[in-house]
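Asks: sequence and predicted model, in that order:
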Amino acid sequence: MYSPSHNGSLLNKAVLVLNTNYAPLMICTARRAICLTYLEKVEILVTYNDKVHSPSKTLALPSIIKLMDFVHYNSMNVVMNRKNIMIRDKHTCQYCGKKSSSMTIDHIIPKERGGSDYWDNLVAACQQCNKTKDNHTPEEAKMPLMRLPRKPNRIHYFQQFINHDQTAWRPYLFLESF
């Protein structure tokens, strides 16, 4: 999956990849989308206002591309890892609301007490709240969760990338009609 870059390069902008049936498949970088275009593996459906230049060509930066060949991939799952838990929780402590890039992962029901590594038992927590909660449940520590965690699906994952540049993505991510 796509991971946004903080260097601001046009070639690192997010591009929505659709299957041949227009189902959202993944997000890649504009660099990857351009390579796929020149390999004739995708069709560009929507472009950004930005353009990229080579010595001999100018190309409108892709925003939405569609694969030429169907890919059999039905999973709506998002891989459970630290990065995706932070994305789901918007880098915000689920106990105090503090927003930071240096969050920890907290087991709502501690591992030592039978808590498991599942989406609904893991949340982003600031270091102070994680230390204060220690080996207790939120109820025991009197630290209620701001919101209950849930397993995201790929559509929710894609929706977070929509900003003013990606309004054309909205119909493909079921946020408005075509």
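Replies: Thanks, I have it.
Asks: so the closest residue to Thr20 other than its chain neighbours: helix, strand or coil?
Replies: Closest residue to Thr20 apart from its sequence neighbours, by C-beta to C-beta, 6 or more residues apart in numbering: Phe70 at 4.5 Å. (Each C-beta comes from the backbone N, C-alpha and C, glycine too.) Counting by DSSP: H, G, I helix; E, B strand; the rest coil, the backbone at Phe70 sits in coil.
Asks: kindly report the same for Cys28.
Replies: Going by three-state DSSP: Cys28 is strand.
Asks: okay, and the beta partners of it?
Replies: Val15 (DSSP bridges).
Asks: list the contacts of it.
Replies: 2, 14-15, 17, 36 (C-beta atoms under 8 Å, 6 or more residues apart in numbering).
Asks: against Tyr118, how distant is Arg150?
Replies: To Tyr118, Arg150 is 10 Å away according to C-beta to C-beta, to the nearest Å.
Asks: likewise Leu175?
Replies: In terms of C-beta to C-beta, Leu175 sits 28 Å off from Tyr118.
Asks: so how far is Glu112 from the residue nearest to the spatial centre of the chain?
Replies: The centroid of the chain falls nearest to Tyr157 when counting by C-alpha atoms, centre = their mean (4.1 Å). According to C-beta to C-beta, Tyr157 and Glu112 sit 31 Å apart.
Asks: check Cys96 too.
Replies: 23 Å.
Asks: and those two? which has more neighbours close in?
Replies: Each of Cys96 and Glu112 has its neighbours counted (other C-beta atoms under 10 Å); Cys96 has more, 13 against 8.
Asks: state the three-state secondary structure for the more buried one.
Replies: coil.
Asks: who's in contact with it?
Replies: Neighbours of Cys96 in contact, by C-beta under 8 Å, 6+ apart: 126, 128-129.
Asks: so who does the residue lying farthest from the centre of the chain touch?
Replies: Relative to the centre of the chain, the most outlying C-alpha is that of Ser56, 34.5 Å out, by C-alpha atoms, centre = their mean. Under the criterion of C-beta under 8 Å, 6+ apart, Ser56 has no contact partners.
Asks: any idea how far the residue nearest to Thr20 is from Val15?
Replies: Counting by C-beta to C-beta - Phe70 and Val15 are separated by 19 Å.
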